[in-house]
Structures are given as C-alpha cells and as structure tokens.
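[1] Sequence first, then the predicted structure:
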Protein chains: 2
Amino acid sequence: MRGAVFYGPGDVRCETLDDPKILEPTDAVIKTAVTCICGSDLWRWRDLEPFGAAQPVGHEYVGFVEEVGSEVTAVRPGQFVVGSFATSDNTCATCRYGYTSHCVHREFMSTCQADYIRIPNAQGTLVATEEVPDQAFWPGLLALSDVMGTGWWAAEAAQVRPGSTTVVVGDGAVGLCGVIAAKEWGAERIIVMSRHETRQKPALEFGATDLVTERGDEGIARVLELTGGIGADAVLECVGTNQAMQQALRSTRPGGSVGIVGVPHEVELDGLELFHSHVGLRGGPAPVRRYLPELMNLVLSGRIEPGKVFDQTLPLEEVAEGYRAMDERRAIKTLLKP
Amino acid sequence: MRGAVFYGPGDVRCETLDDPKILEPTDAVIKTAVTCICGSDLWRWRDLEPFGAAQPVGHEYVGFVEEVGSEVTAVRPGQFVVGSFATSDNTCATCRYGYTSHCVHREFMSTCQADYIRIPNAQGTLVATEEVPDQAFWPGLLALSDVMGTGWWAAEAAQVRPGSTTVVVGDGAVGLCGVIAAKEWGAERIIVMSRHETRQKPALEFGATDLVTERGDEGIARVLELTGGIGADAVLECVGTNQAMQQALRSTRPGGSVGIVGVPHEVELDGLELFHSHVGLRGGPAPVRRYLPELMNLVLSGRIEPGKVFDQTLPLEEVAEGYRAMDERRAIKTLLKP
C-alpha cells in the first residue's frame, strides 16, 4: 500500500509500505476512505518538536472495515467507521468517567495518511454508521476523528453555557471547529481572535459574532473592551504557544474558564497569577470517542458542517504538497484521498 | 486602642495605635469581638515573603458595629457582624457572578488584630446575625471570615460532588476546614495528607476517612493505591508550596479537579504536564462573602463546628506568643481576645 512517511522537517514522502495486519485480537484494519493533515503535524515539519527516525504519520481517518481481530464484535467488515485519534477500550475506569482519550490502554494513532490503517482497541474506538454515507458527508465525518471533537472538547472544558460570551484563540481548523461547538453549546457571543482573512470568512460563517485581529496585550485589551471590562465567560485556547495561553488566561473573567486544546509548546504557568485570576483551566487530548455518536448525528443530519474546514483536497501521493500548503497558510486543512 | 504591628520576621508587637475612623461614606468601624492569626500571616513571619515598613496585621474578624458611614444601610451600630477578609461592594459585575473576592472595589483587610477595625465597602462586606450570638459561637463565626470560607471554596473549586473521593493536601486550619466542607458537599471518602498527630485527630473528627502520612512521590503513590490506581475526583490544595501543588495535581484522576487555596509561593506549572493530565484547576482568594449567609446558618445551628480549629486562645497583648506557637506548630490556630 501507499503511506506518508515523515523523514524530518520539511520532508514527508508518499512511499510503498507493507499492508498493515491484525496484530492483536483487539485490532481492526480499515481501508481508508479519506484522511488528512493536522495542524499538530506541522510542529515537527517546522522543526519545532523533537522527532526520531523516519516514521509513518497521520492520526485522522474514516474508512471501511477490512478485517477485525477475534475479540472485535462491535464492527464488521464492509462497515463505514469513524474513530478517534486516541484509541480506547471504552471500558476502563477512566473511559467510564468519559475520559476515553486517557484510557489505560490508549494508543495514539500515527499511521493514518495511508491506504490502509491498523486500529488498536477497535472494539472501543470505532463507531460505524448505519449505512455507507454519501461521499458529501465524508469530510465532515473525517473532521470528527480529531478537529471537530477537539473543538467540542474545548467548549466542554471551557464550560461554554447557553448565553455565554466565548472567545476562541486561534483560527486554524480546531479554532474554527471551536466556533461551531461554541455556537451549538449556546454561546450568545463568539469572539474569534484571527488575523487571517481567509479564516475570518469561515469563522463568521460558523457563527463568530466578533473578530479581534490584535494579538498579545492589545488583543487582551480589545477582548476586555468587548466584555464590559471583565473578560469572557469561556475561552477556547486552540493554539498551544505561550503567547496564546497568556492571551487566553487574561481574556477570561474571574470565575470563567479556559479550555486548552492547543498542545502546549514551552508553556509555563505562574501559579500565583493563575491563583489571583480566579480562572479555571482544563485541557488535554479530546475524548473524541465519547462524542462520536452525538457528533455523527449532527453531521449526518446536516446540522453542523465541520467538513468545510477542508479547503484543499489532494490525492494521497501529493501529501508533501499538502504539508507545504498548510505550512505556508495557503490551506487551512488538507484532505487526502487514497 | 491596641493593635498588632508586624515589624519583620519573628517580630510582631501589640502597640497603642490611633482608633480607626470612618474615612469613606461606605466604611464601617467595628469593635472586635474576637480575631485571630492566619497561617498566611506566617509566611512573612518566617521571612518567606517580602515585606515593607512596619504595618498593622490581621484579616479575620467578627465584632460589633460601632459606627457606619452615610452610605451604609445594611448594618447598624450594636449589631454583631461577620465579614470577609476581602471586602466587596457586592454589586459589581464580578460580585454578581459570585466572585466577591475579585470585586472591582476589593480591599484586602490588614488591620484586624486590634481592638477596633475599619471595614471598607461595609455595605457589601458585613453580614449581621439576627441577635447577638452566644459567645460559644464566636470562634465558629470568626472562622467564617477566612479559613472556613476558604475550605468551602476549595470544595467548590475542586468540584466535590456527592459520592466523590476527595483528597485534602494540608492539615492546617484551612485543610481541616476543607475536610468539613468536603463532608458537607457529600464526599464519601476524604483522604487527608497529614503528618502531624495533633492535626490528624481533628481531621478524623471532622470527617476524614483515610490519612496519608507520606509526602511527595510516596504520598502520590499512596493516594493512587487508595483510588483504584487513577487518582481522586477532587483534590483541595491547602498549602501553597510547589511540592503540595505537584502532589495535588498528580493525585487527581483524569477529569478530576484541583481547588487551589494555598497561596502559591514560587509555584510554576508545566503547561504540557497539565494538558496531558486532563485535570482541571481553579483557585484564588475565597469568595467568602457569597457563602456567609449559608455558613452562618450552619454554624449557628450547630451543624458545623469550624471553631474547633482554634486550639489556643490568647489575650490580644500576647499576639507575639500566638505567632510563635503557630510557627512552632504548638498551635493549629490562635484566637485573640481584645
């Protein structure tokens, strides 16, 4: 089969790889319907994150079940399935609390930009649709495997409530999905911190009510101006830099909350500042699996359209161009077709 | 009048000071019924916190209204009142969200170890009892002005729920009040991290179900052992050191929460560790004023007895001995009688 391999910063290649096999009785192998490139894949591409030897890449997927291990009964060959970037048995104590992405058997997916994918913990990870959905829904369902689930989690972690004033820090695919989530959770005002015109358009389309183009202290001042001087009820941190985190913290009112979904890169928090802010923090890899049944319904009923975050579609062979396009901000998010 | 003055580490003196006066129409002056020394006063006493010139000290109080400014109508001379260590107008946007200790007009009390006290923002800060309570209730009501309200807030911030497993880090007066709060909030299991026998007794009396005497990694391992390997639902951090904070974070299950009420001293949080923990954090100075009506009822009905945290009573003149006794752990908390 073909699959993308990350060789080092700026170097991803589509190569011929061995077909994945069932290794554990809890595995499944799926034939990829569509897959994509994640903003988080860019950290290594940009040499901002350590990396080891050449390795396959990709963690987002929807596809058709090809084969299942002997212990997998929840899905069967031929079914169209959606899964999470973090696999889970869905039965351990942590899963039962809803934190499927912290499952004691968790494995992070990392070989998904490929024709076929081995899915560990398939029983707890994959959710099948009732029938094979129309191709028009594939991008939306694909978004659920990470970015839309992550935006949803950001809204949960930031405790967005009906009537809330919500700030979304970051206008990448996750930030845009955060806007969709905030709207669904009932936010009345959705302020998006965005400097890129190409991303402001979808932000407004998804429900943003205000755009703040300033960053740092100026951005914070602008949010305070828009929120009666005290800050927002809920802030979704969808970037992962120290600047974004400070911006999020200082844009939140006392008693408000920040949901952190941008993977922190060299972020340090001062305990005393956090204390005196009265702001609540929670983050982590999104418990996507918990949300799948609900979000699949929302996509298949046409209620939400997270597939719109894909503004570039390429054949799998051209995966390297997808990375370049996202790196250069020519694309928000690139969908790959096997 | 007489009042305590902090001169420097290890040096607090009871001196003759000018009687406080109404300075603003929103002030009241009260005649102190009882006051006390706080664990947080010890940071400076121990030279662990910067300090400036000699200054009055103390922020906990109950007393009799002596005089009110022209804009104060909620209380009148002669009434017995309880107030918060953080004053609040109780009308600003932040107060309306319940974060009275973040009021836009907030002033922290700092002259309360004295015969008379000026209370800024008296209208929003003081709550009068229906009648002058029996002296037996004074210590319990005094505890509400800080430590019991702070324990209550720790339980709220840590999201203690009926049936929760709760850990209390710290066995000082605030930690002990955290135990009272956790029990009232319905925690089924209350694990107290305590090394001091004199404090284990009241902890058990207030509702602790388990004691963990180990600290650091060993303490964390012990809590994990007691919580099915995943950690507690809710953790109350009542110390303020970096070690205590790490202990709190790492004793919490994914999806659980830490309530931070120990004022952080040189505490840094690693963003990536916090992210991957899935643990929620919130802290700050307790919004005591919000809780006063409810907590005053609980004390006056005999339902909770936070006054038991006072295990030493001294006349105001002997305030220095109170500091020494608390510093040397001969006393948990010292009540001062004018």
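    All right, it came through fine.

[2] Would you mind measuring from A:Thr26 to chain B?
    Going from A:Thr26 to chain B by Cβ to the nearest Cβ, to the nearest Å gives 21 Å. C-beta here means a position set from N, CA and C on the backbone, and glycine is covered the same way.

[3] Any figure for the gap between that residue and B:Cys95?
    As judged by Cβ to Cβ, to the nearest Å, A:Thr26 and B:Cys95 stand 53 Å apart.

[4] Please apply the same query to A:Arg329.
    Counting by Cβ to Cβ, the gap from A:Arg329 to B:Cys95 is 43 Å.

[5] Of those two, which one has the most company?
    A side-by-side neighbour count of A:Arg329 and B:Cys95, using other Cβ atoms under 10 Å in any protein chain shown, places B:Cys95 first with 24 against 11.

[6] Can you verify my assumption that that one contacts B:Asn121?
    No. B:Cys95 is beyond contact range of B:Asn121, at 9.9 Å (criterion: Cβ atoms under 8 Å).

[7] What residues does chain A have near chain B?
    A:93-94, A:97-99, A:101-102, A:157, A:228-230, A:242, A:245, A:253-255, A:257, A:260, A:263-272, A:274-285 (Cβ under 8 Å from any Cβ of the partner chain).

[8] Sitting in helices, which of those residues do you find?
    A:93-94, A:157, A:242, A:245, A:271-272, A:274-277 (DSSP state H).

[9] So among those, which ones count as buried?
    Neighbour-count burial (16 or more other Cβ atoms under 10 Å in any protein chain shown) is assigned, among these, to A:94, A:157, A:245, A:271-272, A:274-277.

[10] from the residues you listed, which single one is nearest A:Ala325?
    A:Met245 (27.1 Å; Cβ to Cβ).

[11] Contact partners for that closest one?
    By Cβ atoms under 8 Å, 6 or more residues apart in numbering or on different chains, the residues touching A:Met245 are A:237, A:239, A:260, A:262, A:264, A:267, A:269, B:271.

[12] now for these, which pair is the farthest apart?
    Checking the contacts of A:Met245 with Cβ to Cβ, the most distant pair is A:Val239 and A:Leu269, at 14.9 Å.

[13] Between the two, which is the more surrounded one?
    Legend: neighbour count by other Cβ under 10 Å for A:Val239 and A:Leu269, higher for A:Val239 (26 against 20).

[14] what secondary structure does the more buried one sit in?
    Following DSSP: H, G, I helix; E, B strand; the rest coil, the label given to A:Val239 is coil.

[15] My guess is it contacts A:Gly170. True?
    Yes. Judged on Cβ under 8 Å, A:Val239 makes contact with A:Gly170 at a distance of 4.1 Å.

[16] Stretch A:142-158: which residues count as buried?
    So for stretch A:142-158, counting by 16+ other Cβ under 10 Å, buried means A:142-158.

[17] Let me see the contact set for the spatially most central residue of chain A.
    The structure's chain A has its C-alpha centroid closest to A:Val147; by Cα atoms, centre = their mean the separation is 2.2 Å. Neighbour list for A:Val147: A:38, A:60, A:173-174, A:177, A:306, A:309, A:333 [criterion: Cβ under 8 Å, 6+ apart].

[18] ok, now which ones touch A:Ala187?
    Counting by Cβ under 8 Å, 6+ apart, A:Ala187 has contacts A:155, A:160, A:162-166, A:207, A:234.

[19] Can you tell me, leaving aside adjacent residues, what's nearest to it?
    A:Thr166 (4.1 Å; Cβ to Cβ, 6 or more residues apart in numbering or on different chains).

[20] Same check on A:Ala286?
    A:Trp153 (3.6 Å).

[21] show me what contacts the one you found?
    Going by Cβ under 8 Å, 6+ apart, A:Trp153 touches A:259, A:261, A:284, A:286-288, A:291.

[22] Looks to me like it is in a strand.
    No. According to three-state DSSP, A:Trp153 belongs to no strand; its state is helix.
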